[in-house]
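>>> here are the coordinates; sequence isn't available:
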């Protein structure tokens, strides 16, 4: 098992999870974070830190889809180990669903 980032993160990207990760397995896209499943140690400390409930074990519904997404983008986006600045308009998107199909960007984040 590993933890994965799912749809609620798109356009919210709060990044509270990044600060608590003991192995720095988060990777930053322009409007989404990804967890590298090969680096995740399944400790689960990131899950309760996410204010929009976007981090789940890969055993959750749609886990295979999100595992593939996290794996793909963790391989090409910059690794981050410190909390950056979340998008200014994140609160406008917090409770929206189906965000991946509407807003997801493949562009890398700043990696800072």
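Structure received. Because the structure is a prediction, the values reported are computed rather than measured.

>>> so what touches the longest helix seen in the chain?
Scanning the chain for the longest helix, with DSSP state H as the assignment, gives helix 63-74. For helix 63-74, contacts defined as CB atoms under 8 Å, 6 or more residues apart in numbering pick out 2, 4-7, 25, 27, 29, 32, 34-39, 56-58, 100, 106. No exception for glycine: its C-beta is placed from N, CA and C like everyone else's.

>>> look at the most centrally placed residue in the chain and report its pLDDT.
Central residue of the chain (CA atoms, centre = their mean): residue 33, 3.1 Å from the mean position. Residue 33 is assigned 98 on the pLDDT scale.

>>> go on, residue 63?
Note for residue 63: predicted pLDDT of 85.

>>> what's the local residue count around it?
16 (other CB atoms under 10 Å).

>>> following the longest helix of the chain in sequence, what is the next regular element?
Next along the chain after helix 63-74, taking DSSP states H and E as the criterion, comes strand 79-80.

>>> tell me the strands beside that following strand, with direction?
Next to strand 79-80 in the sheet, as set by DSSP bridges, lie strand 26-28 (antiparallel).
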